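1. Need a 3D model of the following:
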Amino acid sequence: MNSKQISPVDNEIAVIIYTSGTTGAPKTVELTHKNLLANLDGIGRSLRFGKNDVFLSVLPLYHTFEATCGFLTPLMCGASIVYARSFKSKEILEDISRNRITVMCGMPLLYEKMFHSFQRKIASASFLRIILFKSMYTLSSILWKCGIKVGRKLFNSIRKKFGMDSIRMFVSGGAAIPPSIVRFFNLIGFYFMQGYGMTETSPVISVNRPDSIKFGSVGPPLDNVDVRINSPDLKGIGEILVRGDNVTPGYRDNPGATSELLQDGWLYTGDIGCLKDGHLWITGRCKSLIVSTSGKNIYPEELEEKLVEYGIILEVVVFGRKKQGKQGEEVRAVIVPDLEVMSSDCQSKLGQPDEDKIRQTVSEVVADVNSRIAAYKRISAFEMQFEELEKTSTQKNQTIHI
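-> I've put the predicted structure just below:
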């Protein structure tokens, strides 16, 4: 896949795409032919695809992640594309099995549901099978640290049972995903690649590689993308800046926003992170940063990851609320419990969810998380709701303003 093989007018606008508007009003992003071809070139150097691959397209094509990675990438390498029937995890699993899918790009929420489905199946197995699974998982984990990947052989029968033995690669993007989920899928034999990008960069900035996967990181930057950290603190954490041919020329009819985005040849992402061992690590977003009473920074994404890891929580958003008459913010959360997981233990005699039991269980999870983190980070209160959090059309959680 080489962008030099195709020679359109480089600076001609190829597409205009609206951002999802999770942290403000949507903006109209202009992407040139040069932007798209540069990103396809960088992706092709980082992840190898071929004519024998079959991609499952789940996200809408007006999502830049899907347009570039799930549509243009397979077209450029001669692979096939199958379009999923819906966002329902059951139908997606059927589509994977029926069409012998080898590659799928998706949002974290989809993989979280698949992960919890695996966990429920494992938990319902016999005692001996559970012990066997845990033993093999521990072995896979130990050998992974030595650079030996045995998950594909050890867990082949489990992947077949789920109809997923044809899958060789999952790619997650668009939002943060708990490292425990990335770890799980890799240790049972899938190449699970977490990446990072934004509409304004066509969109891929970085992605893990099959031979260099670090759980929790979003991988090294693409070969043709430069990344640096602006004004890093003592831990090397600061705003992520990006430069490369994949970077948009700006927003249509919005010079003010463009001048904020692009400065001195660099794109200011609004995301906070650090570079370590050649990998990029995302800490949070500038706009979602919570500042404690003592002036310390709290990253909501860190707390959200810890809560989701428990398995009984389907979704969560952590945010800061100003204290009346005081400096700083207190940490709050909106939590959506996974009723399917909790149904057996938290039902009333009439078969309906017992809200008091569910709240008590969620409270215990929050208390446990609080006991394992610094005092200034602790969640002071939470609200619980039973409907999934409001999403944008690209399945991102809407920012909560309270």
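
2. Could you break this protein into its assigned domains?
-> 3-283, 289-384 (automatic domain parsing).

3. Would you mind finding the most buried of the ones you listed?
-> Ranked by mean neighbour count, the domains of the chain are led by domain 3-283 with a mean of 18 (mean count of other C-beta atoms under 10 Å). In short, each C-beta sits where N, CA and C put it, glycine included.

4. tell me the mean pLDDT for it?
-> The average pLDDT within domain 3-283 is 93.

5. Helices of the stretch 51-200 of the chain, residue ranges please.
-> Taking DSSP state H, counting those that start in this stretch to define them, one finds helices in the stretch 51-200 of the chain at 64-65, 73-77, 89-99, 108-123, 127-145, 151-154, 156-161, 179-187.

6. The fifth one packs against which elements?
-> Read that as helix 127-145. Helices and strands touching helix 127-145, by 3 or more C-beta pairs under 8 Å, 6 or more residues apart in numbering; DSSP states H and E, are helix 108-123, helix 151-154, helix 179-187.

7. Touching, A125 and F133? I think so.
-> Yes: using C-beta atoms under 8 Å, A125 is in contact with F133, at 7.2 Å.

8. any common contacting residues for the two?
-> The contact sets of A125 and F133 do not overlap (C-beta atoms under 8 Å, 6 or more residues apart in numbering).

9. quick revisit: turn the helices and strands packed on helix 127-145 into JSON lines, columns for distance to K34.
-> Converted to JSON lines, the helices and strands packed on helix 127-145 look like this (distance: least, C-beta to C-beta, whole Å):
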{"stretch": "helix 108-123", "distance to K34": "30"}
{"stretch": "helix 151-154", "distance to K34": "38"}
{"stretch": "helix 179-187", "distance to K34": "32"}
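
10. out of these, which comes closest to P210?
-> For P210, the closest of these is helix 179-187, at 9.8 Å, according to C-beta to C-beta.

11. any idea of the angle the closest one forms with helix 108-123?
-> 70 degrees (axes from the mean of the first three to the mean of the last three C-alpha atoms, to 10 degrees).

12. for stretch 112-125, the distance to its chain's centre please.
-> 19 Å (C-alpha atoms, centre = their mean, to the nearest Å).

13. Looks to me like L36 is in a strand.
-> No: per DSSP: H, G, I helix; E, B strand; the rest coil, L36 lies outside any strand segment and is helix.

14. circling back: output the domains of the chain as a markdown table; include the columns distance to E390.
-> Listed next are the domains of the chain as a markdown table, based on distance: least, C-beta to C-beta, whole Å:
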| stretch | distance to E390 |
| --- | --- |
| domain 3-283 | 10 |
| domain 289-384 | 10 |
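
15. Quickly note the distance from the nearest residue to I298 once chain neighbours are set aside to R152.
-> Sequence neighbours aside, I290 is the residue nearest to I298 in space, at 4.0 Å (criterion: C-beta to C-beta, 6 or more residues apart in numbering). According to C-beta to C-beta, to the nearest Å, I290 stands 41 Å off from R152.

16. just K357 next, same as before
-> If you measure K357 against R152 using C-beta to C-beta, the figure is 40 Å.

17. Same check on L40?
-> L40 is 28 Å from R152, by C-beta to C-beta.

18. for A38, same thing?
-> From A38 to R152 the distance is 33 Å (C-beta to C-beta).

19. quick one: average pLDDT of the helix or strand hosting F319?
-> Assigned by DSSP states H and E, F319 belongs to strand 313-322. Mean pLDDT, computed over strand 313-322, is 89.

20. tilt between the helix or strand following it and strand 313-322?
-> Counting by DSSP H and E, the element after strand 313-322 in chain order, helix or strand, is strand 329-337. Orientation of strand 329-337 against strand 313-322 (the same axes, to 10 degrees) gives an angle of 160 degrees.

21. Strand 329-337 - contacts with which helices or strands?
-> Against strand 329-337 (3+ C-beta pairs under 8 Å, 6+ apart) you get strand 290-291, helix 300-308, strand 313-322, helix 355-371, strand 379-384.

22. dump the residue contacts of S217.
-> By C-beta under 8 Å, 6+ apart, the neighbours of S217 are 194, 208, 276, 279-281.

23. Skipping its backbone neighbours, what lies nearest A79 in space?
-> D53 (4.0 Å).

24. close enough to count as contact, that neighbour and P74?
-> Yes: counting by C-beta under 8 Å, D53 does reach P74; the two are 6.8 Å apart.

25. any common contacting residues for the two?
-> 80, 103.

26. what bits of the stretch 301-402 of the chain have low per-residue confidence?
-> 325-326, 343-352, 391-402 (pLDDT under 70).

27. again, only this time at 90
-> 301-302, 305, 308-315, 321-329, 338-357, 386-402 (pLDDT under 90).

28. Next, the contact list for the closest residue to E383 other than its chain neighbours, please.
-> Excluding the flanking residues, the one nearest E383 by C-beta to C-beta, 6+ apart is V334, at 5.1 Å. Counting by C-beta under 8 Å, 6+ apart, V334 touches 316-317, 319, 382-385, 389, 400.
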